[in-house]
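Participant: how does the following fold in three dimensions:
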Amino acid sequence: MPGINSILEMASRALMAEQVGLEVTNHNVANVNTAGYSRQTVSFETSYPVPSAYGPLGTGVRVAGIKRAFDAVATARLNENTAKRAEYQNRQAILEQVAAYFNETQEGGLNEALSAFWAAWQDVADNPNNTAERLVLIGKAQDLAEAFSSRAAALVEARETLVQQVSPSIQAINAHTAKLAQLNSDIKEMEAGGGNANDLRDQRQQELDQLAELIGIRYYTTAEGDLNVTLTNGVSLVQGSLAFELDFQVTPADSITVQWLGPNGVTQDITALLSGGKLTALVNVRDEVLTQYQQELDELARELIVQVNSQHSQGVGLSLFTAVTGTYSVDSAANPLNAAGLPFGDRIMPGSFQLQVERQGSPLARGTITVVPGMSLNALVAAINGDPQVGAYVTASVVNNRLQIVANQAGDSFGFSQDTSRVLMALGVNTFFTGDKAYTLDLNPLVSADPSNVAAGQLDPNTGARAVGDNRNALALASLENAALVPVAGEDLTFSDAYNRLVTDLGLETEQAGTAADFYQSLVEQFRQLRDNVSGVSLDEELSNLIKYQRAYQAAARLITVADELYQTLLAIKR
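Facilitator: The predicted model follows:
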């Protein structure tokens, strides 16, 4: 019924409504600096009218609800670009750390060590009989081996460090998905009872924001109000109140596999499906980028070993050998040499080498040992021992699966020349380096222990004579500096150029990661601004709302005063 009571009811409802407005405004102001908070607004609507003789009369205002200012589209785009930014920022940071080990602008660079090594060979060629030059060469060779091994170790260490970061990243992902599933349940429970879950929805969105930093995600809201989260390829991470975890393992091949742990024990390898976020950067950089540079560095070291050892094995030092043992072993002396586990067995080719014997410093015998495809170490030993020219003066045998050759008589010695088969290099006979990759590259103890074994000269292939001061082998080794012997991306490069290509590629990849990170950072800032334009709290606007709700509250209070005065007037008439 219209009347004074109706005025009081409308004033009361207005007081309560404006009070809610003040409370919500106060909540906004209090959370102006709260990360992830979305501004809230009160939605008012007119109360249901009541019939009267004059037509429907309004009954004032009521609170229809408290809305959360939120732009779902801008926020989804923000999360997508956040994941990409995180991926490239982490990628850039990792590559910058690795690139520091390949900084050729500072002293101690690998190119500097290479140049010093080749120069030392030239110095030996200039004075082949001098021990000082040989000792300098050995020192420069050790520096070069250290330069290779230290950079290989840096790559190995970087890969190990990334493995250690994968575990906490996956644990954090699992924690966020579990929290999202719990928040889904809490929101449904609260809203089912008519409550307001705006703050819980903010918490849920903040969990999504943090999850996007770790891994690329997509998400959508179901008709039941659940927020379901998937990887970019559609694999489910959160489905209603259920959360599915991720796990990882390092395979025997030393690569990381990330697994999705589904319901009922179902698992799926999702490594190749990762996109965006820190986890993607860790896995991809470790197993693709760093592995590639590790392989390129190893290939460069392998080619250096092959070329230097191939040439060195055909030369002679200041004296010949009375006994020599190869540095590389076969897995079985009966297997073909190109399939016997030799690091460089694939480099053996059909050909031959000369084995020349001296007695008391004078040529005695010269034999040509033919190497054929499929020859085993046992067969090679038999070929040496059965050679009609030198078989009576030397004995070849297999010792610890290595080739060993010993002179039969005191005063006899032997050397090698004209190896077109590269079998001496592959077996490590009369070689300069040992090892088969960057990390294991080292100097042959036969050379490091006795500088006279540096093979600077060559035997005459026709007479077997050794000229005093012969430097032909040292010159041939020094000339390797400018020889295009290293195959890289379809072209042959010098050792220096091949290493420069590796360093340049690493620098470019680091720069590209930085450029991509800056690009996605700009997109993140744009979409964050779009989101904050809707969700952010403006103190000026909130202060304006405070005044507005305060004035409305005061006006509603005044209505109550007016209604009271009307009652007093009626009571005064009755008296």
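
Participant: contacts only, for the residue nearest to Gly216 when sequence neighbours are not counted.
Facilitator: Spatially, and ignoring its direct neighbours in sequence, Gly216 is nearest to Gly276 (2.6 Å; CB to CB, 6 or more residues apart in numbering). All C-beta spots, glycine's among them, are computed from the backbone N, C-alpha and C. Contacts for Gly276 were tallied using CB atoms under 8 Å, 6 or more residues apart in numbering; they are Glu80, Ala83, Lys84, Ala86, Glu87, Ala212, Ile215, Gly216, Ile217, Thr232.

Participant: next: Gln314.
Facilitator: Shown in contact with Gln314 (CB under 8 Å, 6+ apart): Phe353, Phe416, Ser417, Gln418, Asp419, Leu424, Ala455, Gln458, Asn473.

Participant: confirm it sits in a strand?
Facilitator: No: with DSSP: H, G, I helix; E, B strand; the rest coil as the criterion, Gln314 is coil rather than part of a strand.

Participant: got the contact list for the residue most central in space within the chain?
Facilitator: When CA atoms, centre = their mean is applied to the chain, the residue found nearest the centroid is Val285 (2.0 Å). Shown in contact with Val285 (CB under 8 Å, 6+ apart): Asn90, Arg91, Ile94, Leu95, Leu162.

Participant: now Ser43
Facilitator: Applying CB under 8 Å, 6+ apart to Ser43 gives the contacts Val63, Ala64, Gly65, Ile66, Lys67.

Participant: those, buried ones only, as a ChimeraX selection?
Facilitator: For the buried members of the contacts of Ser43, the matching ChimeraX selection, counting by 16 or more other CB atoms under 10 Å, is:
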select :63,66
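
Participant: sort out for me which of the contacts of Ser43 are in strands.
Facilitator: Mapping the contacts of Ser43 onto strands (DSSP state E) picks out Val63, Ala64, Gly65, Ile66, Lys67.

Participant: ok so, going back, tell me the one of the contacts of Val285 nearest Leu477?
Facilitator: Leu95 (35.2 Å; CB to CB).

Participant: if we can go back for a sec, reformat the contacts of Ser43 as TSV; add distance to Asp331 and pLDDT.
Facilitator: Formatted as TSV, the entries for the contacts of Ser43 read as follows, by distance: CB to CB, whole Å; pLDDT from 0 to 100:
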residue	distance to Asp331	pLDDT
Val63	83	86
Ala64	82	84
Gly65	78	86
Ile66	76	87
Lys67	75	89
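
Participant: got the contacts of Ser43 as CSV, with distance to Leu208 columns?
Facilitator: Rendered in CSV, the data for these read as follows (distance: CB to CB, whole Å):
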residue, distance to Leu208
Val63, 29
Ala64, 28
Gly65, 23
Ile66, 22
Lys67, 20
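
Participant: farthest pair in the contacts of Ser43?
Facilitator: Taking CB to CB as the measure, these span a maximum distance of 10.9 Å, between Val63 and Lys67.

Participant: now for the two: what residues contact both?
Facilitator: Going by CB under 8 Å, 6+ apart, residues that sit against Val63 and also against Lys67 are Val42, Ser43.

Participant: is it true that Phe353 lies in a helix?
Facilitator: No: residue assignment for Phe353, taken from three-state DSSP, gives strand, which places it outside any helix.

Participant: what's the neighbour count on it?
Facilitator: Taking other CB atoms under 10 Å as the neighbour definition, Phe353 ends up with a count of 21.

Participant: and the gap between it and Pro461?
Facilitator: Here the distance between Phe353 and Pro461 works out to 11 Å (CB to CB, to the nearest Å).

Participant: need the overlap of contacts for these two.
Facilitator: Contact criterion CB under 8 Å, 6+ apart; residues shared by Phe353 and Pro461: Ser417, Gln418.

Participant: may I see the buried residues of stretch 283-296?
Facilitator: Neighbour-count burial for stretch 283-296, with 16+ other CB under 10 Å as criterion, is recorded at Val283, Asn284, Val285, Arg286, Asp287, Val289, Leu290, Tyr293, Gln294, Glu296.

Participant: who's in contact with the fourth one?
Facilitator: This means Arg286. Contacts for Arg286 (CB under 8 Å, 6+ apart) come out as Ala158, Arg159, Leu162, Val163, Ile256.

Participant: let's see 7 Å
Facilitator: Arg159, Leu162, Val163, Ile256 (CB atoms under 7 Å, 6 or more residues apart in numbering).

Participant: what pLDDT is listed against it?
Facilitator: We note a pLDDT of 93 for Arg286 in this prediction.

Participant: three-state assignment of it?
Facilitator: Per three-state DSSP, the local secondary structure of Arg286 is helix.

Participant: distance of it from Ala153?
Facilitator: Remark: distance between Arg286 and Ala153 (CB to CB) = 16 Å.

Participant: again with the second one
Facilitator: Asn284 sits 22 Å away from Ala153, going by CB to CB.

Participant: ok, now the last one?
Facilitator: When distance is defined by CB to CB, Glu296 is 16 Å away from Ala153.

Participant: how about Arg204?
Facilitator: Looking at Arg204 against Ala153, where the rule is CB to CB, the gap reads 45 Å.

Participant: who has more neighbours, these two?
Facilitator: Counted by other CB under 10 Å, Arg204 and Ala153 do not tie: Arg204 has more neighbours, with 22 against 14.

Participant: residues contacting stretch 340-354, please?
Facilitator: Around stretch 340-354, the neighbours that count as contacts under CB under 7 Å, 6+ apart are 306, 328, 330-332, 337-339, 366, 368-373, 377, 416-426, 436, 461.

Participant: in strands, which of these fall?
Facilitator: Using DSSP E, the members of those that fall in strands are Arg366, Thr368, Ile369, Thr370, Val371, Phe416, Ser417.
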